[in-house]
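**Student:** Dropping the sequence and predicted coords here.
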Amino acid sequence: MQSVGIYEAKSRFSALIELVEQGEEVRITRHGKEVVRMLPVRRRPVISDEQIARELGQMDALHASIQPAGSSTVDCLRRTGRSNA
């Protein structure tokens, strides 16, 4: 990680961009406080196709395990709630 002031960043902008392209993180400061952080763009996806497939499989399993509530269940819950009130 490299930290530079605004004035230096203006005069060395192209060189700083090259550093970022090589994977370096560059922070630009004003009066010693960070105001800009330049990071390289990720070229690989954050999540792999295998991870996506695994997550979708888990979601499908969860959906299959959930039983839709029928009207009789809702009516039962309503009666139970009213009788306790």
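**Tutor:** Yep, it's here. Numbers count the residues shown, from 1 in each chain.

**Student:** counting contacts, what elements does the top helix by length along the chain pack onto?
**Tutor:** Taking DSSP state H as the criterion, the chain has its longest helix at helix 49-65. Packed against helix 49-65, as judged by 3 or more C-beta pairs under 8 Å, 6 or more residues apart in numbering; DSSP states H and E, are no other helices or strands. For the C-beta atoms, the positions are set from N, CA and C on the backbone; glycine is no exception.

**Student:** wait, doesn't residue 29 sit right on residue 2?
**Tutor:** No. Counting by C-beta atoms under 8 Å, residue 29 stays clear of residue 2, with 10.9 Å between them.

**Student:** More neighbours: these two, which one.
**Tutor:** residue 29 (15 against 12; other C-beta atoms under 10 Å).

**Student:** Now do that one against residue 5, distance only.
**Tutor:** Separation of residue 29 from residue 5 (C-beta to C-beta, to the nearest Å): 6 Å.

**Student:** How many residues are close by residue 19?
**Tutor:** Counted with other C-beta under 10 Å, residue 19 comes out at 16.

**Student:** Fine by me, thanks again.
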